[in-house]
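>>> this one's structure only:
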């Protein structure tokens with residue numbers, strides 16, 4: 001069976017065309033990134049899908065309120081696609097609770113501060129407090145820089161189980177985006193031991209040349225690390241001494257935030273880190 005004809009049988013016997021699902025998601029991602037409504041022809045160009053397929057999938061997405069069409073027959077992502085989470089979803093509550101500490105971190109060090117949530121071995125940037133230096137090339141909602149290179153990546157790795165860490169890193173040689181990145185597993189494990197002992201992680205010209213960062217963990221009452229605060233800036237003005245000063249400040253801020261946040265425990269349950277606290281029907 002060809003890959004574009006792959007089907008999956010659901011529990012009730014219905015067949016779901018996985019190719020259509022992937023094509024629909026590709027269209028939706030284009031509209032989510034777009035700065036203006038797009039015509040069907042522009043969607044064809046962006047996704048390399050046939051015009052008939054684009055029309056068919058747009059009808060489905062409009063029918064489910066993920067996409068709308070204006071009077072000029074151009075498409076744009078609807079509220080359901082742009083902001084799918086309820087205002088009181090734990091991630092949105094955490095974002096609101098983090099704004100004041102993020103502002104405090106930014107003003108203390110005059111560098112960009114952020115809060116990340118760990119989803120398995122992936123990192124979600126939840127909120128930013130931006131300083132004057134533009135770090136836009138280094139930030140996206142889904143942070144994809146090498147885990148062994150970034151401060152947040154090291155922190156995530158340090159709190160994974162050995163099996164999870166192996167799956168996240170893959171085999172040697174590890175990714176080496178800069179000459180300073182640790183690409184040897186034994187050396188990385190030693191670095192992660194230091195991270196666990198000191199309670200924070202730093203990365204100086206490791207994820208990207210010219211960029212330095214510090215990160216400190218946000219944890220639930222059970223000690224489950226669910227994310228981190230990060231401060232990052234251009235290395236030319238954010239050198240090693242300042243980075244380590246920021247790391248200690250982040251640690252105290254993250255510890256206080258972890259104790260006072262109403263959302264951290266909910267996040268731990270959401271990402272499966274606080275399994276014992278989950279209602280039985282969720283397991």
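Great, that's in hand. Because the structure is a prediction, the values reported are computed rather than measured.

>>> I figured residue 130 hits residue 111, correct?
No: the pair residue 130 / residue 111 is not scored as a contact, 9.7 Å apart, by C-beta atoms under 8 Å. Every residue, glycine included, has its C-beta placed from N, CA and C.

>>> who has more neighbours out of these two?
Using other C-beta atoms under 10 Å as the criterion, residue 130 and residue 111 rank with residue 111 on top: 27 against 15.

>>> need the nearest residue in space to that one, chain neighbours excluded.
In this structure, residue 111 finds its nearest non-sequential neighbour in residue 233, 3.6 Å apart by C-beta to C-beta, 6 or more residues apart in numbering.

>>> the helix or strand hosting that neighbour pairs with which strands?
Using DSSP states H and E, residue 233 sits within strand 225-234. With DSSP bridges as the test, strand 225-234 is paired with strand 112-119 (antiparallel), strand 211-219 (antiparallel).

>>> most packed of those?
Most buried of the strands paired with strand 225-234, by mean neighbour count (mean count of other C-beta atoms under 10 Å): strand 211-219, with a mean of 28.

>>> and the average pLDDT for that strand is what?
For strand 211-219, mean pLDDT rounds to 96.

>>> do a quick rundown of the strands in the stretch 51-200 of the chain.
Remark: strands assigned in the stretch 51-200 of the chain by DSSP state E, counting those that start in this stretch are 67-69, 75-77, 112-119, 122-129, 142-143.

>>> distance to residue 58 and mean pLDDT added to these, as CSV?
What follows is the strands of the stretch 51-200 of the chain, written out as CSV (distance: least, C-beta to C-beta, whole Å; pLDDT from 0 to 100):
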stretch, distance to residue 58, mean pLDDT
strand 67-69, 6, 96
strand 75-77, 6, 96
strand 112-119, 29, 95
strand 122-129, 28, 94
strand 142-143, 25, 89
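
>>> residue ranges in the stretch 1-150 of the chain under the pLDDT threshold?
1-16, 133-138 (pLDDT under 70).

>>> hang on, the earlier thing: could the strands paired with strand 225-234 be laid out in CSV, adding distance to residue 32?
Listed next are those as CSV, based on distance: least, C-beta to C-beta, whole Å:
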stretch, distance to residue 32
strand 112-119, 18
strand 211-219, 26
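
>>> closest to residue 80 out of those?
Residue 80 lies closest to strand 112-119 among the strands paired with strand 225-234, at 20.9 Å (C-beta to C-beta).

>>> just the endpoints, please. Distance across stretch 173-180?
Terminal residues of stretch 173-180 are spaced 14 Å apart (C-alpha to C-alpha, to the nearest Å).

>>> I meant stretch 208-224, not that one.
Terminal-residue distance, stretch 208-224 (C-alpha to C-alpha): 29 Å.

>>> equivalent analysis for stretch 153-173, please.
Counting by C-alpha to C-alpha, you get 17 Å between the two ends of stretch 153-173.

>>> buried residues in it?
153-160, 165, 168-169 (16 or more other C-beta atoms under 10 Å).

>>> any chance of TSV for these, columns distance to residue 245?
Below are the buried residues of stretch 153-173 laid out as TSV (distance: C-beta to C-beta, whole Å):
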residue	distance to residue 245
153	21
154	18
155	18
156	23
157	24
158	21
159	23
160	28
165	29
168	29
169	29
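
>>> need the contact list for residue 114.
102, 125-129, 139, 229-232 (C-beta atoms under 8 Å, 6 or more residues apart in numbering).

>>> mind putting these in CSV, distance to residue 57 and neighbour count included?
Rendered in CSV, the data for those read as follows (distance: C-beta to C-beta, whole Å; neighbours: other C-beta atoms under 10 Å):
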residue, distance to residue 57, neighbour count
102, 38, 24
125, 29, 17
126, 30, 18
127, 32, 17
128, 33, 17
129, 38, 20
139, 30, 16
229, 40, 28
230, 37, 31
231, 42, 30
232, 38, 30
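
>>> which one of those is nearest residue 117?
residue 126 (5.4 Å).

>>> contacting residues around the next helix or strand along the chain from the strand holding residue 233?
Sequence-wise, the next helix or strand downstream of strand 225-234 (DSSP H and E) is helix 240-260. Outside helix 240-260, the residues within contact range by C-beta under 8 Å, 6+ apart are 97-98, 101, 104-105, 108-109, 111, 198-202, 204, 212-220, 228-231, 238, 264.
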